[in-house]
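> Below are the sequence and a predicted model; questions follow.
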Amino acid sequence: MEAEDCKRAKLILLVAKGYSFSEIGRRLDCTDRYISVWKRRFQHGRLSGLDSRYRGSQRRVRTAQMEAKILEATRKGPRDGTTHWSSYRLAKYLGVSHTTVYRVWRQFGIQPHRLRRYMASADPEFEEKAADIIGLYLQPPVHGAVFCVDEKSAIQALDRLDPVLPLSPGRAECHGFEYYRHGTLSLYAALNTRTGEVLGKTSSRHTSGEFVQFLDQIVASQPKEKEIHIIADNLSAHKTKEVSVFLQANPHLRIHYTPTYSSWLNQVENWFSKLQRQIIARGVFNSVNDLARKIMRFIRNYNKTATPMRWRYADEKRRISPAI
């Protein structure tokens, strides 16, 4: 406001010296109407006439009490039946501006619009099992092989009824909404943690017998009597009598089961994610055999440049160790 007061005083002095409106406007960068208004106000009220009649709204000061009020209301949630606040609705409820709400949320890392899901493992032996598996990643047996094994079941062979419009400048690839389902298949995959290579097998069924056949395929891929460690989840098909008989016939093979609801400990899940993104999600398959052929082609090409996954802790202070 001091700069504006100074500008008005200069305007009155220039008017008193007889300068024209155009010259005053050029010197002070203002309009003829601006000059006329303040000249008239000075004539009527002298110095008091140069004061602003409308000084705008008072500057808002964000207090700690206001921040606490916003955070408390955010955590309690709305009472009108909706599930979470928007900055506009919370601002209206508290009688503040939505920018104030937004800035408080940003300052304290509050994101009511986001939702994350989790699944907690209730396995009483979680620490022991997790440490066992992570130990195989960090310090694998020198003369043994470690495979992460799992199934990706019910992969659909979807064929688009409308032609796919290819990618072009200014337009994304377009798929028709309607599709035809030719059938499904399951994929058994074993990720070699030392090399990063994947051994795969497609199957029309998802049974314990198919799992045993895949284990036999893994054994056949390694030198005879070599120590083999299999990391697998707790699916019932992995713990049948048929599996027990196979393990007894192959004492050099051992299965390490992950804790319940802890599939994130199995590295092959990361590879399944690549498969889903690069082949299945946007793939067009005219038959189940076509789906199987494209999956196996992907595996062969992947193995040409496969590298082991780097398994490390994000926080060294939160290591998992077995209970003593």
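Okay, I see it. Just so it is clear, the model here is predicted, and its values are computed rather than measured. Numbering: from 1, shown residues only.
> helices or strands up against the biggest strand by length in the chain?
Counting residues, the longest strand found in the chain (DSSP state E) is strand 144-160. Using 3 or more C-beta pairs under 8 Å, 6 or more residues apart in numbering; DSSP states H and E as the contact test, the elements touching strand 144-160 are strand 179-192, helix 208-220, strand 227-232, helix 268-275, helix 288-304. Where you see a C-beta, it was placed from the backbone N, CA and C, and this is true even at glycine.
> same thing but at 10 Å, please
With contacts defined as 3 or more C-beta pairs under 10 Å, 6 or more residues apart in numbering; DSSP states H and E, the packing partners of strand 144-160 are helix 126-138, strand 179-192, strand 198-203, helix 208-220, strand 227-232, strand 253-257, helix 268-275, helix 288-304.
> Of all those, which one is nearest residue 49?
Smallest distance to residue 49 across these (C-beta to C-beta): 73.1 Å, for helix 268-275.
> list the helices and strands the closest one packs on?
So helix 268-275, by 3+ C-beta pairs under 10 Å, 6+ apart, packs with strand 144-160, strand 179-192, strand 198-203, helix 288-304.
> what's the residue closest to the geometric middle of the chain?
The centre of the chain sits closest to residue 116, judged by C-alpha atoms, centre = their mean, with a distance of 9.3 Å.
> before we move on, what SS does that residue have?
Assigned with DSSP: H, G, I helix; E, B strand; the rest coil, residue 116 falls in the coil class.
> Quick check: buried residues in the longest strand of the chain?
145-152, 155-160 (16 or more other C-beta atoms under 10 Å).
> swap in stretch 157-170?
For stretch 157-170, by 16+ other C-beta under 10 Å, it's 157-160.
> residues in contact with it?
171-185, 280, 282-292, 294 (C-beta atoms under 10 Å, 6 or more residues apart in numbering).
> quick one, domains of the chain?
Here the chain is described, according to automatic domain parsing, as comprising the domains 2-50, 64-108, 126-313.
> Return the distance of the last one from the chain's centre.
Between the centre of domain 126-313 and the centre of its chain there are 23 Å (C-alpha atoms, centre = their mean, to the nearest Å).
> same check, this time on stretch 7-25
In this view, stretch 7-25 has its centroid 62 Å away from the chain centroid, taken as C-alpha atoms, centre = their mean.
> Next, the buried residues of that stretch.
By 16+ other C-beta under 10 Å, the buried positions in stretch 7-25 come out as 8, 11-12, 14-15, 19, 21, 24-25.
> one step back: between the helices and strands packed on strand 144-160, which one is nearest to residue 51?
Residue 51 lies closest to helix 268-275 among the helices and strands packed on strand 144-160, at 67.8 Å (C-beta to C-beta).
> any idea of the mean pLDDT for that closest one?
Mean pLDDT, helix 268-275: 94.
> Check which residues of that helix are buried.
In helix 268-275, counting by 16+ other C-beta under 10 Å, buried: 268-269, 271-272, 275.
> What pairs with the longest strand of the chain, parallel or antiparallel?
Strand pairing for strand 144-160, using DSSP bridges, gives strand 179-192 (antiparallel), strand 227-232 (parallel).
> In PyMOL, how would I select the buried members of the contacts of stretch 157-170?
The buried subset of the contacts of stretch 157-170, as determined by 16+ other C-beta under 10 Å, is captured in PyMOL by this line:
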select buried, resi 182+185+280+283+285+288+291+292+294
